[in-house]
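**Student:** Build the 3D model from these lines:
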Amino acid sequence: MAKIKIKQTGSPIRRTDDQRGTLIGLGLNKMHRVRELEDTPEVRGMIRKVRHMVEVLEG
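**Tutor:** Numbering: from 1, shown residues only. Next comes the predicted model:
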(Lines give C-alpha, C1' and ligand atoms only; values in the text may rest on other atoms or scores of the structure.)
Protein backbone atom coordinates (compact mmCIF):
# COMPACT_ATOMS: atom_id res chain seq x y z
CA MET A 1 0.00 0.00 0.00
CA ALA A 2 1.13 3.58 -0.57
CA LYS A 3 2.62 5.74 2.14
CA ILE A 4 1.66 9.29 3.05
CA LYS A 5 3.78 11.81 4.99
CA ILE A 6 2.09 14.28 7.28
CA LYS A 7 3.58 17.11 9.33
CA GLN A 8 1.99 18.90 12.26
CA THR A 9 1.91 22.64 11.62
CA GLY A 10 -0.66 23.80 14.17
CA SER A 11 -0.76 23.68 17.94
CA PRO A 12 -3.31 21.52 19.80
CA ILE A 13 -3.63 24.24 22.45
CA ARG A 14 -7.24 25.48 22.73
CA ARG A 15 -8.53 22.66 20.50
CA THR A 16 -11.24 20.17 21.36
CA ASP A 17 -10.37 16.86 23.01
CA ASP A 18 -11.34 14.86 19.93
CA GLN A 19 -8.97 16.89 17.73
CA ARG A 20 -6.15 16.36 20.24
CA GLY A 21 -6.93 12.65 20.29
CA THR A 22 -6.87 12.53 16.50
CA LEU A 23 -3.40 14.10 16.44
CA ILE A 24 -2.17 11.55 18.97
CA GLY A 25 -3.76 8.78 16.90
CA LEU A 26 -1.79 9.99 13.89
CA GLY A 27 1.40 9.97 16.00
CA LEU A 28 1.66 13.76 16.09
CA ASN A 29 1.78 15.49 19.44
CA LYS A 30 4.53 18.10 19.01
CA MET A 31 4.96 20.86 16.47
CA HIS A 32 6.82 20.10 13.22
CA ARG A 33 6.83 16.34 13.83
CA VAL A 34 6.59 14.25 10.67
CA ARG A 35 5.05 10.77 10.39
CA GLU A 36 4.83 8.39 7.46
CA LEU A 37 1.64 6.33 7.54
CA GLU A 38 -0.20 3.92 5.28
CA ASP A 39 -2.57 5.72 2.90
CA THR A 40 -5.89 4.22 4.03
CA PRO A 41 -9.40 5.70 4.14
CA GLU A 42 -9.19 5.76 7.96
CA VAL A 43 -5.99 7.81 7.94
CA ARG A 44 -7.42 10.14 5.26
CA GLY A 45 -10.47 10.74 7.48
CA MET A 46 -8.28 11.56 10.46
CA ILE A 47 -6.26 13.99 8.35
CA ARG A 48 -9.47 15.63 7.12
CA LYS A 49 -10.62 16.12 10.72
CA VAL A 50 -7.48 18.07 11.67
CA ARG A 51 -6.58 19.49 8.24
CA HIS A 52 -6.12 22.96 9.74
CA MET A 53 -3.28 21.63 11.93
CA VAL A 54 -1.45 19.29 9.54
CA GLU A 55 0.26 19.44 6.17
CA VAL A 56 0.50 16.56 3.70
CA LEU A 57 4.03 16.34 2.31
CA GLU A 58 4.98 15.07 -1.12
CA GLY A 59 7.22 12.10 -1.30
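**Student:** In the chain, where is pLDDT below threshold?
**Tutor:** Under the criterion pLDDT under 70, the flagged ranges of the chain are 59.
**Student:** what about the strands in it?
**Tutor:** 3-8, 34-38, 54-57 (DSSP state E).
**Student:** how about the helices of the chain, start to end?
**Tutor:** In the chain, the helices defined using DSSP state H lie at 17-25, 41-49.
**Student:** These into a markdown table, with extra columns for mean neighbour count and distance to residue 10?
**Tutor:** To be clear about C-beta, it is placed using only N, CA and C from the backbone, and glycine gets the same treatment. What follows is the helices of the chain, written out as a markdown table (neighbours: other Cβ atoms under 10 Å; distance: least, Cβ to Cβ, whole Å):
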| stretch | mean neighbour count | distance to residue 10 |
| --- | --- | --- |
| helix 17-25 | 15 | 9 |
| helix 41-49 | 13 | 13 |
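**Student:** and the ones you listed as TSV, adding distance to residue 57?
**Tutor:** Shown next, in TSV, are these (distance: least, Cβ to Cβ, whole Å):
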stretch	distance to residue 57
helix 17-25	16
helix 41-49	12
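**Student:** residues in contact with residue 1?
**Tutor:** By Cβ atoms under 8 Å, 6 or more residues apart in numbering, residue 1 lies in contact with 38, 39, 40.
**Student:** which among these end up buried?
**Tutor:** Among those, not one counts as buried by 16 or more other Cβ atoms under 10 Å.
**Student:** For residue 2, state which of those is nearest.
**Tutor:** Taking Cβ to Cβ as the measure, residue 39 is the one of those closest to residue 2, at 4.3 Å.
**Student:** All set now, cheers.
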